[in-house]
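> Fold the following.
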Amino acid sequence: MKYGMIKCLTLVIGLSINMYGQSHYPGQHEGKLKMDDTKNVKVLGFNLQDVKLLDSPFKDNMMRESKWIMDISTKRLLHSFKTNAGVFSSQEGGYFTVDKLGGWESLDCDLRGHSTGHILSGLALLYAATGEKMYKIKADSLVTGLDEVQKVLNQNGYLSAFPQNLIDRAIAGKSVWAPWYTQHKLFSGLMDQYLYCDSEPALEIVKGMADWAYEKLKSLTNEERKRMLRNEFGGMNDSFYALYEITAESKYKFLAEFFYHEDALDPLLNKTDNLNKKHANTYIPKLIGISRDYELEGGSKNREIPEFFWNTVVNHHTFVTGSNSDKEKFFEPDHLSEHLSGFTGESCNVYNMLKLTRHLYGVNPQIKYVDYYEKALYNHILGQQDPKTGMVAYFLPMMPGAHKVYSTPENSFWCCVGSGFENQAKYGEFIYYHDKGLYVNLFIPSELNWKEKGIIVKQETSFPNVGSTTLTLSTKNPVSMPISIRYPSWAAGAEVKVNGKKQIINVKPGSYITLERKWSDGDRIEVSFGIQIKLAPTPDNPNVVAVTYGPIVLAGEMGTEGMAEPAPYSNPKLNNDYYTYDYHIPVSFSNKLNLDGKKLEKSIIKEDDKALKFKIKGTGNILKPIYNIHRERYVIYWNLNE
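The predicted structure is shown next:
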């Protein structure tokens, strides 16, 4: 029976898979979506254009990423596409004079072209976050080049840096490295160009690609479909749901439903943790498209499955940093102490978990989602980037004595490099949310322009160096509304002042402190939280512990002994040594610690009131936020002396 003629019941649900979803969320991009994506959500995010980062480590990361993304020439990013189409001109210097990209962008790599899709998204996000036209100009040149390639290929809308044969191999169940995964990067990047940069040509290109996919897939049998889905296929369902949002064309919804992966998702429907030994970065994105489908059409299953998955991953498969996986795979629930390797915490996994978290939060704005987001954002994403070069790490190693291993400018282009182009460009997306009032979720220096309310909110803070933040309001006319400030679960008490007057707080940590009044120009809200040092033991071994300060993981600085070039970078001659990297940890290295967990305030001493630097009394060990430790060894998990 042909799949295009009948859909099995599970497919009607609309569940499917996703790798890197589009960056837009309900309530954004007014006038560009023909489908209502707000009817099943409670709170909405702001457009990235409305939130500007102020000076902070987050903005520093964004500017370093901006330099790298602008330094990679359009000619190089389009080269593999033009090779596939045979499109070269004398003005371009021909095939042999192009300085080709290496690593996963090599012409002999099945994933070639994925970085161009990520960079389209990264440029769109940078343009939205900064308003700087240089990002749009570069993006427009990429779109123009891709349009040319699509037309020259003349294959019913097909566009890629590789021939259709790779897709055919996936359909036939033959060995191939994830061609649909790579296709999704282009789908996502082109739609981000339309949504953030108003690029109508980008939308036409991606519609052509989707029309090709529809003709390619609509007549497959259900068995052929299932066989194809055994190969990693990225965020195709999320892309097709997103395109359905934009166009309201039912064939794109059909394609989104086509990518429902029963083997992975049906056990979650039955509340079964089936994650052990599953490739995490293939798995996590399967839930994002489901969540987008819930936003569009509802359905209890579309909500229950991602919620169960999120709770399972966060509560049973996640390290203290908010990251997960060992050698790219989930392991047995709660067995964290057995997996402190040099290949833990894949950055793409965190990227996708944060995207899923945003979707779930919009539907059910619980503090647990924001607490997790904050933990993963600070401890992993913020520290993913090398502050010297802007290169990014594939993993966040939990192995005591390991160090972060960064990509190279020319010869890496791993998946985590691609998602890194987006990570560092969109820090403003979860700081504020709204319904009739404002929700302040994260304490990041920023300025929100809420045009509909006619109010600007400026947040000034040096959090987490200090446990306080200040919000200053600017408005021409008084505005009556509630402002809800997150009272984090980690907080040891809170104090709130409005225009210098102390407010009564009648809620507990893990909720929102809501201030409702008529706000006037110049009103000022000051918030401070108590922050404590704590030990976070692994669930399977209470003597293996990490040290935290509120949401921040404090790691031990362990110097550079034994680190020789190319450390801390990947070996440019190997490209893929991220998975086999030898950290050369000195034989004498030890992560044993004699510490009384009941008297931490006397054992771990803060050395600076305005910076997070601590000393473990009697040992000489210095603790700093893991996001601030670069180019040297560290310890996240310690072995307590019994």
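> Quick one, grab the pLDDT at residue 573.
Note on residue 573: pLDDT of 79.
> Can you tell me, leaving aside adjacent residues, what's nearest to it?
residue 411 (7.8 Å; CB to CB, 6 or more residues apart in numbering). In this view, the C-beta of every residue, glycine as well, is placed from N, C-alpha and C.
> if I read this right, that neighbour contacts residue 572, doesn't it?
Yes: counting by CB atoms under 8 Å, residue 572 is a contact partner of residue 411 at 4.2 Å.
> Which neighbours do those two have in common?
residue 102 (CB atoms under 8 Å, 6 or more residues apart in numbering).
> Between the two, which is the more surrounded one?
Legend: neighbour count by other CB atoms under 10 Å for residue 411 and residue 572, higher for residue 411 (20 against 16).
> residues touching the more buried one, list them.
So residue 411 contacts 102, 103, 570, 572, 573, 575 (CB under 8 Å, 6+ apart).
> Quick check: it vs residue 111, distance?
Distance, residue 411 to residue 111, by CB to CB, to the nearest Å: 14 Å.
> Over to residue 152?
22 Å.
> Which elements pack onto the lengthiest helix in the chain?
Longest helix of the chain, by residue count under DSSP state H: helix 133-153. Under the contact definition 3 or more CB pairs under 8 Å, 6 or more residues apart in numbering; DSSP states H and E, helix 133-153 sits against helix 57-71, helix 74-85, helix 114-130, helix 179-197, helix 200-217.
> Now do the buried residues in the second one.
Put plainly, it is helix 74-85. Neighbour-count burial for helix 74-85 flags 74, 76, 77, 78, 79, 80, 81, 82, 83, 84, 85 (criterion: 16 or more other CB atoms under 10 Å).
> likewise the last one?
Counting neighbours by 16+ other CB under 10 Å, one finds that the buried residues in helix 200-217 are 202-214, 216-217.
> helices or strands up against the next helix or strand after that helix?
Using DSSP states H and E, the helix or strand that directly follows helix 200-217 along the chain is helix 222-228. Judged by 3+ CB pairs under 8 Å, 6+ apart, helix 222-228 is in contact with helix 165-172.
> that older thread, so which of residue 152 and residue 111 has more stuff around it?
Each of residue 152 and residue 111 has its neighbours counted (other CB under 10 Å); residue 111 has more, 23 against 14.
> So what's the predicted local confidence for the more buried one?
95.
> and what of residue 285?
Note on residue 285: pLDDT of 83.
> Repeat that for residue 483.
pLDDT at residue 483 comes out at 98.
> Repeat that for residue 99.
For residue 99, the predicted pLDDT is 87.
> what's the answer for residue 16, then?
For residue 16, the model assigns a pLDDT of 30.
> One more: residue 600?
Residue 600 carries a pLDDT value of 86.
> Likewise for residue 578?
Looking at residue 578, its pLDDT is 76.
> roughly how far apart are it and residue 161?
In terms of CB to CB, residue 578 sits 22 Å off from residue 161.
> More neighbours: these two, which one.
Legend: neighbour count by other CB under 10 Å for residue 578 and residue 161, higher for residue 161 (29 against 23).
> and the more buried one, what does it touch?
Contact analysis of residue 161 by CB under 8 Å, 6+ apart lists 80, 81, 83, 84, 112, 113, 116, 182.
> again, but for residue 231
Per CB under 8 Å, 6+ apart, neighbours of residue 231: 170, 173, 176, 178, 179, 180.
> likewise residue 232?
Here residue 232 is in contact with 19, 178, 180, 181, 279, 282 (CB under 8 Å, 6+ apart).
> what's the farthest-apart pair in those?
180 and 279 (14.7 Å; CB to CB).
> neighbour-wise, which of those two wins?
Between residue 180 and residue 279, counting by other CB under 10 Å, residue 180 is the more crowded of the two (25 against 15).
> Just give the number of residues close to the residue lying closest to the more buried one once chain neighbours are set aside.
Excluding the flanking residues, the one nearest residue 180 by CB to CB, 6+ apart is residue 233, at 3.5 Å. A count of neighbours around residue 233, defined by other CB under 10 Å, yields 26.
> does residue 233 count as helix, strand or coil?
With DSSP: H, G, I helix; E, B strand; the rest coil as the basis, residue 233 sits in coil.
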